[in-house]
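J.: Structure, please.
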Amino acid sequence: IRALQEQTEEYLRLGGYYDVEVTTVFHQWMGGFPASESEALGLISLSSVVGALSGATKIITKTTHESIGIPTKEANGEGIKATKFVVNLLKDQKFPESKELTTEINQIKREVKCLMDAVMHLGNNDLAVGTVKAFEQGVIDVPFAPSRYNKGDILPARDNEGRIRILEFGNLGLSEEIKNFHRKKIKERADYEGREVSFQLTVDDIYAVSQGSLVGRPQRKE
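T.: Just a heads-up that it's a prediction; the model follows:
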């Protein structure tokens with residue numbers, strides 16, 4: 001969220017737009033939810049903490065019914081109330097600056113610049129044309145997105161600290177240096193878990209949160 005806010009403002013200034021108010025949106029957990037309503041409420045509350053401390057302008061809320069079907073209006077209301085309660089508790093708190101945070105923000109910015117440079121190149125400096133071509137060619141790609149215009153060739157996996165990295169790059173417009181950074185981080189996790197880097201990492205991560213873990217660790221043999 002910090003990188004999004006800062007970099008969006010930078011690109012707007014480059015385009016000559018100085019009178020734009022940039023707002024950000026944080027989506028609560030978009031993956032599988034635990035079946036237990038108590039555990040689901042815990043996940044909603046954790047997402048609320050992240051959204052609040054990130055400084056996002058708006059939070060898209062979830063409900064405790066996510067795992068069982070379409071939520072009722074009552075369940076939506078409870079999700080909103082739980083989120084507002086947590087956000088209000090944290091209204092005077094700021095996420096502390098750290099070397100680790102700065103490093104991650106700078107990494108995200110490098111990746112965004114790489115993608116934006118590729119888009120502008122494809123469009124011959126026309127952002128709209130470049131964006132269309134980038135999606136057509138998979139230079140911009142989104143994992144698990146249902147859009148017919150999205151290639152869907154990339155796969156994410158978490159690193160050993162739970163940060164989301166890229167496992168399969170498809171035709172994503174990133175430099176080899178950035179790709180190697182992601183490969184290194186994912187291999188560190190695989191080495192820690194005593195297994196090979198593979199699609200199984202992605203599968204395990206997809207199920208992890210609904211089972212009460214951020215990273216999809218393999219079960220240890222007794």
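J.: any idea how the protein splits into domains?
T.: Split into domains by automatic domain parsing, the chain comes to 2-89, 99-211.
J.: Save those as a markdown table, and put in distance to Gln219, mean pLDDT and mean neighbour count too.
T.: (C-beta placed from N, C-alpha, C; glycine too.) Below are those laid out as a markdown table (distance: least, C-beta to C-beta, whole Å; pLDDT from 0 to 100; neighbours: other C-beta atoms under 10 Å):
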| stretch | distance to Gln219 | mean pLDDT | mean neighbour count |
| --- | --- | --- | --- |
| domain 2-89 | 18 | 96 | 15 |
| domain 99-211 | 10 | 97 | 15 |
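J.: right, and these - which one's nearest Pro218?
T.: For the domains of the chain, the distance to Pro218 is smallest for domain 99-211, at 5.7 Å, taking C-beta to C-beta.
J.: Distance across the closest one, terminal residue to terminal residue?
T.: Using C-alpha to C-alpha, to the nearest Å, the end-to-end distance of domain 99-211 comes to 31 Å.
J.: what's the most centrally placed residue in the chain in contact with, if anything?
T.: Closest residue to the average C-alpha location of the chain: Ile164 at 6.8 Å, with C-alpha atoms, centre = their mean. Each residue near Ile164 by C-beta atoms under 8 Å, 6 or more residues apart in numbering is listed here: Pro156, Ala157, Arg158.
J.: The last one and Leu167 touch, don't they?
T.: Read it as Arg158. No - the pair Arg158 and Leu167 does not pass the contact test of C-beta atoms under 8 Å, sitting 9.6 Å apart.
J.: between the two, what contacts are shared?
T.: Counting by C-beta under 8 Å, 6+ apart, the contacts common to Arg158 and Leu167 are Leu201.
J.: what residues are up against Gly216?
T.: Applying C-beta under 8 Å, 6+ apart, the residues near Gly216 are Arg158, Leu201, Val203, Asp204, Asp205, Ile206, Tyr207, Ala208.
J.: Please tabulate the residues you listed in CSV, including the columns distance to Lys187 and secondary structure.
T.: Converted to CSV, the contacts of Gly216 look like this (distance: C-beta to C-beta, whole Å; DSSP: H, G, I helix; E, B strand; the rest coil):
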residue, distance to Lys187, secondary structure
Arg158, 13, strand
Leu201, 10, helix
Val203, 17, helix
Asp204, 16, helix
Asp205, 15, helix
Ile206, 20, helix
Tyr207, 22, helix
Ala208, 19, helix
